[in-house]
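**Student:** coordinates only, sequence not included:
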């Protein structure tokens, strides 16, 4: 093997090693990103579902209405990589607070909103200290109708 051929073998070997290391780094970086799932209870476990628009009155949903809202929120099983790190959303035009109280005690809260900085048509569900999930405008409007 000539010196020139040996030089190319070394260059290709180093290039392959760099590519493998780069792929490994990307794999570990992506696998380190958490994925969040929207956690919603079964409707049978709920004593009540209450909707409150920011600055508005509470609307307690009964029977089928509460179940409908829970079904809309569930969507097709929502997941996200965007973490919620606070009690309530910030920088939003207005929100609808969804309070769920359980028969066995305890409660859960989430928020439905359109972000002020978002492009038109971007709506979200935020489950505090879990995740921020995208939803459609139709889903948002359906929940807004229940909130009165």
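**Tutor:** Cool, got the structure. Source: prediction; values computed, not measured.

**Student:** Would you map the helices across this protein?
**Tutor:** Taking DSSP state H as the test, the helices found in the chain are 3-31, 64-74, 137-147.

**Student:** Got the confidence number for the residue most central in space within the chain?
**Tutor:** With distances taken as Cα atoms, centre = their mean, the residue of the chain nearest its centroid is residue 133 (2.5 Å). Looking at residue 133, its pLDDT is 95.

**Student:** returning to that earlier point: which stretch in the helices of the chain has the least confidence?
**Tutor:** Minimum mean pLDDT among the helices of the chain: helix 3-31, a mean of 60.

**Student:** What sits closest to residue 143 if chain neighbours are left out?
**Tutor:** Using Cβ to Cβ, 6 or more residues apart in numbering and skipping the chain neighbours, the partner closest in space to residue 143 is residue 112 (5.4 Å). Placement of C-beta: from N, CA and C, glycine included.

**Student:** and the one you found, how far is that from residue 2?
**Tutor:** In this view, residue 112 and residue 2 are 70 Å apart by Cβ to Cβ, to the nearest Å.

**Student:** Give me the more crowded residue out of the two.
**Tutor:** residue 112 (27 against 7; other Cβ atoms under 10 Å).
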